[in-house]
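> Just to be clear, the model below is a prediction. Sequence and coordinates:
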Amino acid sequence: MNQLRYGVAYYDEYMPYERLDEDIAMMKAAGINTVRIAESTWSTHEPQNGVFDFTSVDRVLDAMHAAGIGVIVGTPTYAVPTWLVKEHPEVLAVTADGPGKYGARQIMDITSPAYLFHSERIIRKLISRVCKHPAVIGYQTDNETKYYGTAGDNVQLRFVKYMREKFGTLDVINARFGLDYWSNRINAWEDFPSVVGTINGSLGAEFARFQRGLVTEFLAWQVSLVNEYKQPGQFVTQNFDFEWCGHSYGVQPSVDHFAAAEAFDIAGVDIYHPSQHELTGTEISFGGDMTRSLKRSNYLVLETQAQAFPNWTPYPGQLWQQAFSHLASGANMVAYWHWHSIHNSIETYWKGLLSHDFQPNPVYNEAKTVGHDFARLSESLVNLRKENKVAVMVSNEALTALEWFKLPDGKTYNDVVRWLYDALYRMNIECDFIQPSCTELSRYSLIVVPALYAAPDEALERLNEYVRQGGHAVYSFKSGFADDTIKVRTSAQPGIISEACGIRYSLFVTPHEVRLRSEHPEIIVAADDSGAEAWMELITAEDAEVLLHYDHPHWGQYAAVTRNRYGSGTATYIGCMTSRELLSSILKNVLQESGLWGAEQELAFPLIVKTGVNPHNETVRYYFNYSDTPQTFVYPHGVAAELLSGKVIRSGEQLELEAWGVRIVLEAGS
Amino acid sequence: MNQLRYGVAYYDEYMPYERLDEDIAMMKAAGINTVRIAESTWSTHEPQNGVFDFTSVDRVLDAMHAAGIGVIVGTPTYAVPTWLVKEHPEVLAVTADGPGKYGARQIMDITSPAYLFHSERIIRKLISRVCKHPAVIGYQTDNETKYYGTAGDNVQLRFVKYMREKFGTLDVINARFGLDYWSNRINAWEDFPSVVGTINGSLGAEFARFQRGLVTEFLAWQVSLVNEYKQPGQFVTQNFDFEWCGHSYGVQPSVDHFAAAEAFDIAGVDIYHPSQHELTGTEISFGGDMTRSLKRSNYLVLETQAQAFPNWTPYPGQLWQQAFSHLASGANMVAYWHWHSIHNSIETYWKGLLSHDFQPNPVYNEAKTVGHDFARLSESLVNLRKENKVAVMVSNEALTALEWFKLPDGKTYNDVVRWLYDALYRMNIECDFIQPSCTELSRYSLIVVPALYAAPDEALERLNEYVRQGGHAVYSFKSGFADDTIKVRTSAQPGIISEACGIRYSLFVTPHEVRLRSEHPEIIVAADDSGAEAWMELITAEDAEVLLHYDHPHWGQYAAVTRNRYGSGTATYIGCMTSRELLSSILKNVLQESGLWGAEQELAFPLIVKTGVNPHNETVRYYFNYSDTPQTFVYPHGVAAELLSGKVIRSGEQLELEAWGVRIVLEAGS
Amino acid sequence: MNQLRYGVAYYDEYMPYERLDEDIAMMKAAGINTVRIAESTWSTHEPQNGVFDFTSVDRVLDAMHAAGIGVIVGTPTYAVPTWLVKEHPEVLAVTADGPGKYGARQIMDITSPAYLFHSERIIRKLISRVCKHPAVIGYQTDNETKYYGTAGDNVQLRFVKYMREKFGTLDVINARFGLDYWSNRINAWEDFPSVVGTINGSLGAEFARFQRGLVTEFLAWQVSLVNEYKQPGQFVTQNFDFEWCGHSYGVQPSVDHFAAAEAFDIAGVDIYHPSQHELTGTEISFGGDMTRSLKRSNYLVLETQAQAFPNWTPYPGQLWQQAFSHLASGANMVAYWHWHSIHNSIETYWKGLLSHDFQPNPVYNEAKTVGHDFARLSESLVNLRKENKVAVMVSNEALTALEWFKLPDGKTYNDVVRWLYDALYRMNIECDFIQPSCTELSRYSLIVVPALYAAPDEALERLNEYVRQGGHAVYSFKSGFADDTIKVRTSAQPGIISEACGIRYSLFVTPHEVRLRSEHPEIIVAADDSGAEAWMELITAEDAEVLLHYDHPHWGQYAAVTRNRYGSGTATYIGCMTSRELLSSILKNVLQESGLWGAEQELAFPLIVKTGVNPHNETVRYYFNYSDTPQTFVYPHGVAAELLSGKVIRSGEQLELEAWGVRIVLEAGS
């Protein structure tokens, strides 16, 4: 991609009256150079079985081309037409809650032959028709694909075959999954029960892994179809999304993003985040780091919010700040879902750039300045490269496992991930994400491992070796506890990583009025610190240095946080959840020990710095003020140009960022 | 009706032992002159298919007649017999939750032919038998009828035909309901899916309207049957009820009360309300105003509480105060559900006038004084007429629409209705209720319009015209937003009413620490006022005067509350929810501008005044003290008689109302 | 049983690797002399229909025997194998939520012939094989048996027959259950509807009673099978459990423990309780008193916690204290669920004595001292006898009734039971539990009756007679209200017991700022007492003395707590829920009046005393300090030996108990 793209999702099919020319004129005025179409409107394009009508696609492509706007065409398979469900009700997924009901999108059995047959036909019809159209720059397959809980009889049958293929015999399965427990033992393949009601976490988690595999398979199949038509210069992407808690939050439970991303040319994502007084940039950074890590390359923000909900409508300046926040993490495109606000149905209040009245409004007007700046600065900002020295290791398997074996106080895997990630973010530590299967750990000086509850032996052994060779690892509680089938390890905990961590424990308790006591001069426990939260392991340091002990009449002898020198590196183990402040103090110490404490770390949230190198080998530094209060800092780097103002900036110069302000500083050479 | 009626629901069938004579003696002692029977006991009257036994009806009618007590006979169709369900399980409604289970009342498919056939037969058998009995004064059809969620295949089929009848073609439906969205488009009538799973709010709301139509149709059908037997002097009524939140709360979502009331001679209602320290009279007033408005006439309180629940058992004096509160709103009857407390089943703790021991108790004893006073004052108090100058416009469609498109903070349509109604009530402004279809707007000096989210164009145009002609309108936020099929309007908001309101907006946000800043000397924002709540529209005043602005660093330029002179009238628009106190200040200003501020408004809750004119053209004024603290006020009207004490009262005289006290003042001429 | 038993549940089948010899060596080191096996592992012992494999049973029995460890063998029927469910899906209970899903234990229809056939076969195979093995000391039938909500068509059919058998005619049923209400009347046996949807509390409660009868019947059937093989000296027990609220809480709703216990030789129980800072000993005492009462004899704690959950892992000293707490209530065995911590499936975090690493840990190490002391003191502590003068009368029927007719504020029957029981416990009053059917009331000086909402006339008449003959009764609110079919009594309340109580009421309300006013010099209402809670009856004392009145502007004339001298005894009636402190003050007064206030009552929680007589006629007194703070008291009894230290203790000596400390004092003769 050789330019920054600024885009919107556009649905000519949803328009209450003819507006195409007017919309395009307004897009042009706002610097929109890309639209995404077609992924939601199968029933318009195939009104009856085998009857096709691509009128709206054709006219939009022609008009966009005439306006010089590129188009990403989506395969329209994530929402099925009424006629298909009437003819073949089995296209709806049967889930743990029973048969599905027509209405919403994303309710299909993605293994249903009827669904697959009709999907393939519409994909071929649509993509073959548009692939040579000059407006088309790429494709998106399906949208936010997941497995939608599909768990009917056919899926159960496939799961039995998957289990036989993977484990060979029932004896192995009975042993590894502990099926003797509560008489769950399976002694003949025919007896394999539906796992919908299982109480065996190992089996339930394996089924979830199998279901995630269905997503990978389904997407790769779609890509293979589209690739038959794809022209040189065009790309295929997917719109990945994250665990949702009212906004994009953490690791996606239903998709193995790394595996699914393999089939694609470029990763795409949607990122929705709190705004107004709650805008921190954290989710933009988290989602960006994750998506950039999938293919270790730049990515497309296929959807993010313009106005969206009443609590997200941006303050003046925030739309602009958000757009550059995406670029700062490595995005090459920022696209809004969606152009206009929809007049009927469920997403009426997920407002677009335009309100329902299609008139210019403050948010649209701000988008015009974004589009202007994107075009003006594209050459300097596109294709930003990052070489981060810190990685966060995340795992679908650990996430699922902690759904089965929940942390107290409603804490989830993603809460632990975000507890660590957010602390790093606020210290201006940029990171990549990696999976336990990663074999290139030595790229990183520091690997942070949140609650890696279930992992294969070899992944943990790689981490030990990484430390031995000089790497620095930070583990949270619950790491290393179980193997790849979520069987708890029979060794002392934390299992294999005990070796590098130099600790062991066999008891763990729920904290109740348990403070923490620092044993390290540079780790500070505030007088009013909340102490251990949600979970605490009663650690005995064998070789490790104790950084913090618990402060409690009965558990005071045990360590809470330890560090061990192992080989040439260190392994820090955090045995309980702590306040954000105490975690920052611990991480600061780790970063200093690891030689990762630099000028950027002297700044902190709400002053956020993001850095990369552009293809001209210039260093690009973004400075953001995520607050309503102006922020001042001393610029510590070499002479540079501030791109927005065009001013020259010199080392030691004091810079002020206004509320929700942005500076982009370009330093030559690197 | 030429006398006040004081009544109870009476079920001889439920009695644990023979009590009829004793019960009647106790009723007579309490001044009970009316009982309601038979609506709950189909299985007693038809113990087997086609076998009838009206013994209990006959004997109760005879005994009541002998005692001079009138009887309202209910058609016993709202609870079906066991044999009917065993023979024809399809009489149970299939709802979104699946097939029904026998047990509760009000679980039928009111379109089921089996149910209708058997209902018609028992109605004809019962009503033909009793219609000439001299005890019978009238009939109630069914009870608290709703559609009970009926949504099975047969109902879906009827809905498709309804849609075709109403909209003609699928093209119209696809366009008006926005079905292209998420591939919901329907291209053949055969493909019309069950709407049980729909995510299209327009379609879902249309289905709810269709279901409300089933209720109207069902009730009219029952009335037509009863009318075949009804004798001169007898009436047919229905027991309407309200949205329930542990007590009667607001507009009934499942019934179009205005349409359903058409078939009846007189409207009836049940009103249950908080009591003890929570008794305010508001629900009595709300329910009374609504029911009186249905047929613009007096009404029957067919059910209200005697003891009921442990938190409702009245303090001494409250049963008496409650009874007169009903009369003050225009009721001609106050009847308790129920005479005695039931010894088995689910309503054991919904206690009657008598406890389970059938002995006189403090509540029964207080009822005796009510009955005595009703009889004594009937001539002065029956058939009270009201000519209110204020109306509140309510809408089932807006209510349903706001169930689909919810306000933040769990606020509902009825919360907005009650926010406005309750403020008026506390200022002693009496109102009528009207619907958007009302064409006689000019009856009123002021029309208050809560959250009229969805309404046909012509209704909004009538409101504009009403203002132009000199009327005063007060709109809350969310009014005018969508059309009759809940398609959001494509014009600037608030759509059609923008013209009279002289404002526009296209953004709206959730308030977070947003105070309000008054621009009008007589609208006072208290120092500790909570500011905008739940919802705020960012209003630009075009022609309108700004009464309040938002007070916020980013939204401070926008108006919160505006008033526009349009033609000879004014339109006030309130763009956010506010505290009760601030709303009162705004409404006071509106009332003063509209010439509606009078002597009664100098009093305020807990001192409530209700006024009407009796058929002798005398003005009747009720004064209530809804508090535990005595209240004093200066009587401002002409010489009058206080009916309870018999004393003469003169203008300027100071009156004291004891805790939970009542005065009824009769002024000759009017 | 002639020795104390210290045990664990042991599942060789669940072991991740061969450990039997090592486990036994560790058990021996810890003084474990009993294991419980086999009740959970049907699918291992019968891997296919009719194919049996008892390898693990045989080898465990042999190895345990060699080590001198006794074995309790469970019938493995509470968790069904996969093949059985595949062959006969009807073994899964159909409940109110529909058909069951395979996965969990305890999901069967315990009336299913397929289930019963296969259960009988595996029981006979297993028990006949092991019965003569010298390791086997007894049997447990099934485990924590309940009816699992079974309510399918076959169960409904049996219920109809049960109703006909019990009540004779539908006329009787219609009358006693009040089925005329809401047209629920049944006029032909064929019309009897499934009661799954019933809203008639009387019918619903009768169905629950019928379901509890299924449990009694099922367990007696299992016992009859086992008894065919049982050898002299062996026993049959059942593992009863309690209503669960995250731990053992109160009366078990789904089992009539007294009826079900009849078939067994000895009662067994599981007791799980809060620990760490929440350990009070209350649940250990409650569960022990209940289980001892079932057969008026010593009992087995078949399951209690070792480490269990993170919030239960004991503080140092607590495991030891807990073990002796069980003995102090009359247990002859304390066994942990379970030996090791399970590596897969749902109970991974219900940790055993060993952690997942099988290594000695602080809890296991403490168990060693327990085992040592059990062996050393067995002769003095086994077969403790109690002759309590206080009984608490509990009732499954009252519990079920109050599920149908709920108390406000979410209070349940067991909340009332625990409110009273816990107050007695904290005053060191030991009690038995009895049922309303108990005819030996005169054993007791005081009977405490919590919320006996539904009871047969004769039970209440026995209570009146008990008082007349000199007994003392304490009733809580809601007692006596309804008859045995939960029909509310038609007399003044509290019905039959009004005679002994000398009171009546017909109104009751929810308290709102209602304080209590003492009329008795020795009953103290603290200045900050919270007053009446959840429920209050407006009592008029007829013959009774008023101990407390309500303090309220409207309810102040009514009594809250009364006492009546009736014949030679007294009946105290507590008409509202109160604070723990005020209840203690009331109960102290009752105890003093009843001559039950002694030296032990001068101590109070956290200092708990438990007393009994051993078979040598020596008085054994256990003193416990359930707190983190040392406690001191003056020993008031005769010269005795403190068994743990071996020291002699004399009257008047000051004793100190360390945090979570125990003393066992043996006084010769008694």
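Thanks, I have it. Residues are numbered from 1 along each chain as shown, chains lettered A, B, ... in the order given.
> remind me which residues of the stretch 451-600 of chain A are low pLDDT?
Along the stretch 451-600 of chain A, the model assigns pLDDT under 70 to no residue.
> Next to chain C, which bits of it? Give me the list.
A:485-493, A:506-510, A:512-513, A:535, A:553-554 (CB under 8 Å from any CB of the partner chain). Backbone N, C-alpha and C define where each C-beta goes, glycine included.
> Going through those, which ones are buried?
Buried members of these, counted by 16 or more other CB atoms under 10 Å in any protein chain shown: A:485-490, A:492-493, A:506-510, A:535, A:554.
> Looking at those residues, which one is closest to residue A:217?
Of all those, residue A:485 has the smallest distance to residue A:217: 21.3 Å, by CB to CB.
> residues contacting the closest one?
Neighbour list for residue A:485: A:176-177, A:202, A:205-206, A:454, C:344 [criterion: CB atoms under 8 Å, 6 or more residues apart in numbering or on different chains].
> number of nearby residues for the residue in the stretch 151-300 of chain A that chain B sits nearest to?
Going by CB to the nearest CB, chain B is nearest to residue A:277 of the stretch 151-300 of chain A, at 5.8 Å. Residues contacting residue A:277 under the criterion other CB atoms under 10 Å in any protein chain shown number 14.
> Residue A:415 now?
Counted with other CB under 10 Å, residues neighbouring residue A:415 total 19.
> A helix includes it, no?
Yes - assignment of residue A:415 by DSSP: H, G, I helix; E, B strand; the rest coil places it within a helix.
> what's the distance between it and chain B?
24 Å (CB to the nearest CB, to the nearest Å).
> where does that residue land on pLDDT?
On pLDDT, residue A:415 comes in at 98.
> How about the contacts made by it?
Applying CB under 8 Å, 6+ apart to residue A:415 gives the contacts A:250, A:407.
> For the spatially closest residue to residue A:636 that is not a sequence neighbour, grab phi and psi.
Computed as CB to CB, 6 or more residues apart in numbering or on different chains, the closest residue to residue A:636 that is not its neighbour in sequence is residue A:599, at 4.2 Å. Main-chain dihedrals, residue A:599, degrees, to the nearest 10: phi -60, psi -40.
> Could you measure from residue A:599 over to residue A:606?
18 Å (CB to CB, to the nearest Å).
> One more: residue A:661?
Taking CB to CB, one finds residue A:661 at 10 Å from residue A:606.
> Please apply the same query to residue A:287.
19 Å.
> Tell me which residues of the lengthiest helix in chain A come out buried.
Ranked by residue count and defined by DSSP state H, the top helix of chain A is helix A:201-227. Using 16+ other CB under 10 Å as the test for burial, helix A:201-227 gives A:201-216, A:218-219, A:221-223, A:225-226.
> Which strands and helices lie in contact with the very next helix or strand once past that helix?
Past helix A:201-227, heading to the C-terminal end, the next element that is a helix or strand (DSSP states H and E) is strand A:235-240. Counting contacts by 3 or more CB pairs under 8 Å, 6 or more residues apart in numbering or on different chains; DSSP states H and E, strand A:235-240 is packed against strand A:136-140, helix A:201-227, helix A:257-261, strand A:266-271, strand A:299-304.
> What's the local residue count around residue A:198?
24.
> Look at the nearest residue to it once chain neighbours are set aside and give its secondary structure.
Sequence neighbours aside, residue C:103 is the residue nearest to residue A:198 in space, at 4.4 Å (criterion: CB to CB, 6+ apart). Using three-state DSSP, the structure places residue C:103 in coil.
> Pull up the gap between residue C:103 and residue C:77, please.
17 Å.
> Please identify which of the two sits among more neighbours.
Under the criterion of other CB under 10 Å, the comparison of residue C:103 against residue C:77 puts residue C:77 first, with 26 against 21.
> residues contacting the nearest residue in space to residue A:506 that is not next to it in sequence?
What sits nearest to residue A:506 in space, not counting adjacent residues and going by CB to CB, 6+ apart, is residue C:355, at 3.8 Å. By CB under 8 Å, 6+ apart, the contact list for residue C:355 reads A:493, A:506-507, C:307, C:341, C:361.
> again, only this time at 10 Å
A:488, A:490, A:492-493, A:505-508, C:306-307, C:313, C:340-341, C:361, C:363-364 (CB atoms under 10 Å, 6 or more residues apart in numbering or on different chains).
> which stretches of the stretch 301-450 of chain A form helices?
A:318-329, A:362-381, A:396-404, A:413-426 (DSSP state H, counting those that start in this stretch).
> For residue C:530, which of those is the nearest?
Nearest to residue C:530, of the helices of the stretch 301-450 of chain A and by CB to CB, is helix A:413-426 at 36.6 Å.
> Can you show me the helices along the stretch 501-650 of chain A?
Remark: helices assigned in the stretch 501-650 of chain A by DSSP H, counting those that start in this stretch are A:580-593.
> And the residue of it closest to chain B?
Closest point on the stretch 501-650 of chain A to chain B, by CB to the nearest CB, is residue A:628, at 6.7 Å.
> Please give me every residue in contact with the nearest residue to that residue once chain neighbours are set aside.
Spatial nearest neighbour of residue A:628, excluding adjacent residues (CB to CB, 6+ apart): residue A:659 at 4.9 Å. Residue A:659 is in contact with A:315-318, A:321, A:606, A:625-631, B:553-554, counting by CB under 10 Å, 6+ apart.
> Can you give me the pLDDT of whichever residue of the stretch 251-400 of chain A sits closest to chain B?
Nearest residue of the stretch 251-400 of chain A to chain B, counting by CB to the nearest CB: residue A:344, 2.6 Å away. In this model, residue A:344 is scored at 97, pLDDT.
> Ok, residue A:670 next?
pLDDT at residue A:670 comes out at 49.
> Now for the contacts of residue C:355: which two are most distant?
A:490 and C:313 (19.5 Å).
> Angles on the backbone of the residue of the stretch 501-650 of chain A closest to chain B, please.
Reported as degrees, to the nearest 10, the phi and psi values for residue A:628 are phi -90, psi 0.
> Mind listing the shared neighbours of residue A:661 and residue A:606?
By CB under 10 Å, 6+ apart, residue A:661 and residue A:606 have these common neighbours: A:624-627, A:631.
> Pull up the distance across stretch A:126-146, start to finish.
22 Å (CA to CA, to the nearest Å).
> For it, buried residues please.
A:126-127, A:129-131, A:133, A:135-146.
> now swap in stretch A:468-479 and tell me
A:471-479.
> any chance of those residues in JSON lines, plus distance to chain B and secondary structure?
Putting those into JSON lines (distance: CB to the nearest CB, whole Å; DSSP: H, G, I helix; E, B strand; the rest coil) gives the following:
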{"residue": "A:471", "distance to chain B": "44", "secondary structure": "coil"}
{"residue": "A:472", "distance to chain B": "41", "secondary structure": "strand"}
{"residue": "A:473", "distance to chain B": "40", "secondary structure": "strand"}
{"residue": "A:474", "distance to chain B": "35", "secondary structure": "strand"}
{"residue": "A:475", "distance to chain B": "38", "secondary structure": "strand"}
{"residue": "A:476", "distance to chain B": "32", "secondary structure": "strand"}
{"residue": "A:477", "distance to chain B": "34", "secondary structure": "coil"}
{"residue": "A:478", "distance to chain B": "35", "secondary structure": "coil"}
{"residue": "A:479", "distance to chain B": "38", "secondary structure": "coil"}
